[in-house]
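> turn this into a model:
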Amino acid sequence: MKAIVLEQPGKLELREVDGPAAAGPGQALLRVKRVGICGTDLHAFGGNQNFFSYPRIMGHELAVEVIDIGATDIELDYAVGDLCCVVPYLNCGACIACRRGKSNCCTQMQVLGVHIDGGMREQFSVPVDKLLKADGVRVEQLALVEMLCIGAHAAKRARINPGENALVIGAGPIGLATAQFAKLAGADVMVMEVNEKRLDFCAEVLGIDRLIDARGDAIGQVRDTLGGELPTLVFDCTGSAKSMHAAFDYVAHGGSLVLVGHITGDITFSDPHFHSHELTLLASRNATPEDFAWVIECLRAGAINLGPWITHQATPESIVAEFPRWVDPATGVIKAMLTFG
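Residues are numbered from 1 along each chain as shown. Modelled structure (predicted):
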């Protein structure tokens, strides 16, 4: 079967590899239909992704068809032939985080396509409890559920008050997802970004008209927008150390900063500033089953228009040539997708 392997930073290969014969106990054998290309994949290609090792079959944003189910005592809501999305976080179920319902930050976390091989291959298996059937959700939307869940989880972490002024820094896919779900949670959202086309996307697709061009006096623009004040809630979704360090300066006294993106180095901040503002600092990692349920409910209800998000597509045969282009912001990628058969 076909598999796309990231051998090392900058080197992607299409290979023929042996496929699984059948689903083992507690496993579901899957035929991969669509794979969303995530910032994680692009960073891994560039050699600057946390928790990543090479070589690796990437792919954790997945739409799949169930082709076999191994013996299991778990009651399932799907059957052979069903289309599902995949929860790509393989947690232990026993650690302190899992016991407290925070399976998204399990101490033994393994993420498909990051810590272990993922879905950029024609077939593979996952534990039976990592599939969600979502009737009424189109196959290409299923491949974007996990991406949306990152934003949904960040919005939930923030405990948004209706009408609260929220600034989302960075309008990549995760920033867009965060802005989308902060808005659905009742926040009055503004977005800061250096890429003019992505600001246009926020206005045209997400309906967000409070836009901050980070190439200018960004903090001045924010204050002008809010009558001289700063937002009580800031999300940094850039994965940029410079931006994450600066994000502390955008939060109002008594406000909260949620770091959604992450980097391989350290984040430092001024303690006098942090304490004088009595800031709340939060990290947001992965997503929980409740986030997946919320996202699927929103998609079924038509609350999110995902059509314009998918700007680029590739086949297994073309992705090796296309992938390096997607790293370049000039390509205009919002979401790229790998299509199998």
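> going forward, measure contacts and count neighbours with C-alpha atoms only.
OK.
> mind checking the SS state of Pro316?
coil (DSSP: H, G, I helix; E, B strand; the rest coil).
> what's near enough to touch it?
2-4, 14, 338-340 (CA atoms under 8 Å, 6 or more residues apart in numbering).
> now, the most widely separated pair of those?
Leu14 and Thr339 (13.8 Å; CA to CA).
> ok so, going back, let's have the contacts of Pro316 in JSON lines, adding pLDDT and secondary structure.
As requested, these are exported to JSON lines (pLDDT from 0 to 100; DSSP: H, G, I helix; E, B strand; the rest coil):
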{"residue": "Lys2", "pLDDT": "95", "secondary structure": "strand"}
{"residue": "Ala3", "pLDDT": "97", "secondary structure": "strand"}
{"residue": "Ile4", "pLDDT": "97", "secondary structure": "strand"}
{"residue": "Leu14", "pLDDT": "96", "secondary structure": "strand"}
{"residue": "Leu338", "pLDDT": "97", "secondary structure": "strand"}
{"residue": "Thr339", "pLDDT": "97", "secondary structure": "strand"}
{"residue": "Phe340", "pLDDT": "93", "secondary structure": "coil"}
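> relative to Lys335, how far out is the closest residue to Lys102 other than its chain neighbours?
Distances taken as CA to CA, 6 or more residues apart in numbering place Thr288 nearest to Lys102, at 6.9 Å, with adjacent residues excluded. Thr288 sits 22 Å away from Lys335, taking CA to CA, to the nearest Å as the criterion.
> next: Val258.
Distance from Val258 to Lys335, counting by CA to CA: 23 Å.
> verify the contact between Pro231 and Leu257 for me.
No - here Pro231 does not reach Leu257: they are 9.9 Å apart, not a contact under CA atoms under 8 Å.
> common neighbours of the two, please.
Overlap of the contact sets of Pro231 and Leu257 (by CA under 8 Å, 6+ apart) consists of Val251.
> lowest average confidence, helix or strand, in the chain?
When the helices and strands of the chain are scored by mean pLDDT, DSSP states H and E, helix 39-46 comes last with a mean of 88.
> run the chain-centre distance for that one.
Relative to its chain's centre, helix 39-46 lies at 12 Å (CA atoms, centre = their mean, to the nearest Å).
> touching that helix from outside, list them.
If you take CA under 8 Å, 6+ apart as the criterion, helix 39-46 is touched by 6, 8-12, 49, 52, 58-59, 173, 326-327.
> need the worst-confidence member of those residues.
Across these, the smallest pLDDT goes to Gln49, namely 77.
> what is the burial count for Arg100?
11 (other CA atoms under 10 Å).
> tell me the pLDDT of Asp224.
Listed pLDDT for Asp224 reads 97.
> list the buried residues in the least confident helix or strand of the chain.
39-45 (16 or more other CA atoms under 10 Å).
> for stretch 53-71, same thing?
Buried-residue list, stretch 53-71, by 16+ other CA under 10 Å: 53-54, 56-69.
> for Leu282, which non-adjacent residue is spatially closest?
Val258 is the one closest to Leu282 (CA to CA, 6+ apart), at 4.7 Å.
> what's whatever helix or strand the one you found lives in in contact with?
Val258 belongs to strand 256-259 when assigned by DSSP states H and E. Under the criterion CA under 8 Å, 6+ apart, residues 154, 157-158, 232-237, 244, 247-248, 251, 279-284 lie in contact with strand 256-259.
> pull up the pairing partners for that strand, direction included.
If you go by DSSP bridges, strand 256-259 pairs up with strand 233-236 (parallel), strand 280-283 (parallel).
> check the offset of that strand from the chain's centre.
Relative to its parent chain, strand 256-259 has a centroid offset of 17 Å by CA atoms, centre = their mean.
> state the mean pLDDT of that strand.
pLDDT averaged over strand 256-259 gives 98.
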